[in-house]
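Engineer: Fold the following for me, if possible:
(2 chains)
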Amino acid sequence: MSLLEFFLSHNREIGSLALEHLWFVGVSIVLAVVIGIPLGILLTRRPGWKPVVLGGSNVVQTIPSLALFGLLLPLPWLGARADRLTITALTLYALLPIIRNTFAGISAIDAPVREAAIGMGLNSRQLLWHVELPLASPVILAGVRVAMVITIGVATIAAAIGAGGLGELIFRGVAMVDTNVILAGAIPAALMALFADLSLGFVQRVVQYPKR
Amino acid sequence: MSTPAGISIEFANVFYRADGSRDLISDLNLTIRAGEVFMLLGRSGSGKTTTLKLINRLLTPTQGRVDVNGTPNDQWDLIKLRRQIGYAIQEVGLFPHYTAAQNVGLIPRLEGWEKTKVRSRTEEVMRLVGLPPDQFSDRYPSQLSGGERQRLGMARALAADPPILLMDEPFGALDPLTRARLQADFRQLQQTLHKTVVFVTHDIGEALLLGDHIALMEKGRVRGVYTPREFLNSAEPHVQEYLEAFRVNQQILRSEQ
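Structural biologist: You can find the predicted model right below:
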């Protein structure tokens, strides 16, 4: 059976696994953005917390993904459901680039721009919304973009704990030594990553203000 | 245009020291009258910018007090104080992600002005500083020349019509011709606006041209306050030093002609 035939005959299964994959990635990225951007902002206000927060998320990032799934498994509430665990692990992976880029993006703003804003009488909330976030947004988006691509890749590991997603096909293909099955999981995952990368890259260019 | 008369600023025995350093400002006493242009003249590191930042409380004195309109500035609501004070610094302080009009209109918008009023005021001040709105409103700071950026900084500082203007070497980064034109425009503008202006410069020519009073600063202290005429006629050695440097260049030029 050719690869194309396999895709056609298994289109329903591939489709639903891809949707599951997308669901994991989507929920994790939203969570990571909701947690990560405020944490990154917090670091710009309390630089003392930097070693703890950035160090902590750095450590998470160094744990091999398969091991992270395994380590979370025995935890009481998390380990109870495979999708819960998957989303937690993916969120943890996505956090570092988002926190780091939020912090870096805001820190990189020219000191005179910030000083002019404060001197003109912007309070700290106005400073954040009118100056810091807009100016940092290309860098923050770059972080989200990296997080997205990482998460799409790592989500294939979720199949190892029975959570589903496109990894299901990859693991099955490896067990069956069937290239078609592996590719049926790998190609959609790769396309997904590529598409996410391109579309966020586009958004990034749109929010970029003109530079000299 | 509505022009509330400028308001006065007074420094009383002000000292300022950044954490763990020597005094950057020592025993500063100054009276800046409503509606005058007050120049802070001195070399780099003499404490001019620090003095300026003590007025809008970007820095807080370690000792002494700074009165704005007769009220110690630490008794003002901080945001309200700063909104009374236009702040223009060397060109880099513009918001690069905002167009010229958005830069100018930000404070009026934050003050809750109506959209049409923000717009008309923005156009008014842009015209005032020589940036025709139909030509410049939609440009980003990166799309302006150095002189235009500086004018935009002025327009932004003037937008909410504050009684006080703080200007930190606003023309410092400009070529001599552009600088001369902006200085002339500033002089003319001030004759109609009558703001209380505190102006930092290290350029003695600029100080003499624009100032009603000139405070000569050295190592965080004020060596003296002079009118331009007094400054030119002063026999004090530290003033002479400045005038000497100023004249030597002119003599060199003359002798070479």
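Engineer: Name the helix or strand for residue 152, please.
Structural biologist: I'll assume chain A. According to DSSP states H and E, A:Ile152 maps onto helix A:133-154.
Engineer: nope, chain B
Structural biologist: Counting by DSSP H and E, the element that carries B:Leu152 is helix B:146-158.
Engineer: Just give the closest residue to B:Arg223, not the sequence neighbours.
Structural biologist: Nearest non-adjacent residue to B:Arg223, counting by Cβ to Cβ, 6 or more residues apart in numbering or on different chains: B:Leu216, 4.6 Å away. To be clear about C-beta, it is placed using only N, CA and C from the backbone, and glycine gets the same treatment.
Engineer: Can you list the helices and strands that the helix holding B:Leu152 packs against?
Structural biologist: Applying 3 or more Cβ pairs under 8 Å, 6 or more residues apart in numbering or on different chains; DSSP states H and E, one finds that helix B:146-158 makes contact with strand B:85-89, helix B:100-110, helix B:115-128, strand B:164-168, helix B:176-193.
Engineer: so the third one versus helix B:176-193, what angle?
Structural biologist: So that's helix B:115-128. Interaxial angle, helix B:115-128 versus helix B:176-193 (axes from the mean of the first three to the mean of the last three Cα atoms, to 10 degrees): 130 degrees.
Engineer: What's the first helix or strand after helix B:115-128?
Structural biologist: Moving toward the C-terminus from helix B:115-128, the next helix or strand (DSSP H and E) is helix B:133-136.
Engineer: Does that next one reach chain A?
Structural biologist: No - Helix B:133-136 lies apart from chain A when judged by Cβ under 8 Å from any Cβ of the partner chain; the minimum separation is 14.4 Å.
Engineer: Tell me which residue is most central in the chain.
Structural biologist: Because you didn't say which chain, this covers chain A. With distances taken as Cα atoms, centre = their mean, A:Ala147 lies nearest the centre of chain A, 3.0 Å away.
Engineer: Chain B, not that one
Structural biologist: Centre-most residue of chain B, counting by Cα atoms, centre = their mean: B:Met167, 1.7 Å.
Engineer: Check whether that one really touches B:Phe199, as I assumed.
Structural biologist: Yes - with contact defined as Cβ atoms under 8 Å, B:Met167 reaches B:Phe199; the gap is 4.7 Å.
Engineer: where in chain A is pLDDT low?
Structural biologist: Within chain A, the ranges that satisfy pLDDT under 70 run A:212.
Engineer: for it, what's the longest helix?
Structural biologist: Ranked by number of residues, the top helix in chain A under DSSP state H is helix A:11-45.
Engineer: To what extent is residue 166 buried, counted in neighbours?
Structural biologist: If you meant another chain, say so; for now it's chain A. A:Leu166 is flanked by 28 other residues according to other Cβ atoms under 10 Å in any protein chain shown.
Engineer: should've been chain B
Structural biologist: Residues lying near B:Leu166 (other Cβ under 10 Å) number 27.
Engineer: so how far is chain A from it?
Structural biologist: Distance from B:Leu166 to chain A, counting by Cβ to the nearest Cβ, to the nearest Å: 8 Å.
Engineer: repeat for B:Gly220
Structural biologist: Separation of B:Gly220 from chain A (Cβ to the nearest Cβ): 20 Å.
Engineer: does that residue really touch B:Leu24, like I thought?
Structural biologist: Yes - counting by Cβ under 8 Å, B:Gly220 does reach B:Leu24; the two are 5.3 Å apart.
Engineer: which neighbours do the two share?
Structural biologist: Shared contacts of B:Gly220 and B:Leu24 (Cβ atoms under 8 Å, 6 or more residues apart in numbering or on different chains): B:16, B:47, B:50.
Engineer: is it true that the first one touches B:Arg57?
Structural biologist: No - the pair formed by B:Tyr16 and B:Arg57 falls short of the contact definition of Cβ under 8 Å, at 11.6 Å.
Engineer: Between those two, tell me which one has more neighbours.
Structural biologist: Per other Cβ under 10 Å, whichever of B:Tyr16 and B:Arg57 has more neighbours is B:Tyr16, with 22 against 19.
Engineer: who are the neighbours in contact with that one?
Structural biologist: B:23-25, B:50, B:54, B:59-62, B:220.
Engineer: try it again with 10 Å
Structural biologist: Residues near B:Tyr16 by Cβ atoms under 10 Å, 6 or more residues apart in numbering or on different chains: B:23-26, B:28, B:47, B:50-51, B:53-54, B:59-64, B:66, B:220.
Engineer: Among those residues, name the buried ones.
Structural biologist: Neighbour counting with 16 or more other Cβ atoms under 10 Å in any protein chain shown marks B:23-26, B:28, B:47, B:50-51, B:53-54, B:59, B:61, B:64, B:66, B:220 as buried within those.
Engineer: From these, pick the one nearest B:Ile252.
Structural biologist: Of all the buried ones among the contacts of B:Tyr16, B:Ile252 sits closest to B:Gly47, with 30.4 Å by Cβ to Cβ.
Engineer: picking that back up, now for B:Met167 and B:Phe199: what residues contact both?
Structural biologist: With Cβ under 10 Å, 6+ apart, B:Met167 and B:Phe199 have common neighbours B:37, B:39-40, B:52, B:88, B:186, B:210.
Engineer: re the thing from before, can you list the buried residues in the longest helix of chain A?
Structural biologist: Residues of helix A:11-45 classed as buried by neighbour count (16+ other Cβ under 10 Å): A:14, A:17-18, A:20-25, A:28-29, A:31-33, A:35-37, A:39-44.
Engineer: Mind checking which of the contacts of B:Tyr16 land in strands?
Structural biologist: Judged by DSSP state E, strands contain the following of these: B:23-26, B:28, B:63-64, B:66.
Engineer: and residue 77, what does it touch?
Structural biologist: No chain was given, so I picked chain A. Neighbouring residues of A:Trp77 by Cβ under 10 Å, 6+ apart: A:84-85, A:88.
Engineer: Not quite, go with chain B.
Structural biologist: Neighbouring residues of B:Asp77 by Cβ under 10 Å, 6+ apart: A:121, B:83.
Engineer: now B:Glu36
Structural biologist: B:6, B:8, B:190, B:194-198, B:211-213.
Engineer: next one: A:Ile157
Structural biologist: Contacts were defined as Cβ under 10 Å, 6+ apart; by that measure A:Ile157 touches A:64-69, A:86, A:89-90, A:163, A:165, A:167, A:170-171.
Engineer: residues touching the residue nearest to it when sequence neighbours are not counted, list them.
Structural biologist: Excluding the flanking residues, the one nearest A:Ile157 by Cβ to Cβ, 6+ apart is A:Ser65, at 4.8 Å. Each residue near A:Ser65 by Cβ under 10 Å, 6+ apart is listed here: A:89-90, A:92-93, A:150, A:153-158, A:160.
Engineer: let's go with 8 Å and repeat that
Structural biologist: Counting by Cβ under 8 Å, 6+ apart, A:Ser65 makes contact with A:89, A:93, A:154, A:157.
Engineer: of all those, which two lie farthest apart?
Structural biologist: A:Tyr93 and A:Ile157 (10.1 Å).
Engineer: Near chain A, which residues of the stretch 1-150 of chain B? Just list them.
Structural biologist: Counting by Cβ under 8 Å from any Cβ, the residues of the stretch 1-150 of chain B near chain A are B:53, B:56, B:58, B:79-83, B:85-87, B:89-90, B:92-97, B:106-107, B:110, B:140, B:142-143.
Engineer: Throw together a PyMOL command that grabs the buried residues out of the residues you listed.
Structural biologist: To isolate in PyMOL the members of those that are buried, counting by 16+ other Cβ under 10 Å, one can use:
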select buried, chain B and resi 53+56+58+81+82+83+85+86+87+89+90+92+93+94+95+96+97+106+107+110+140
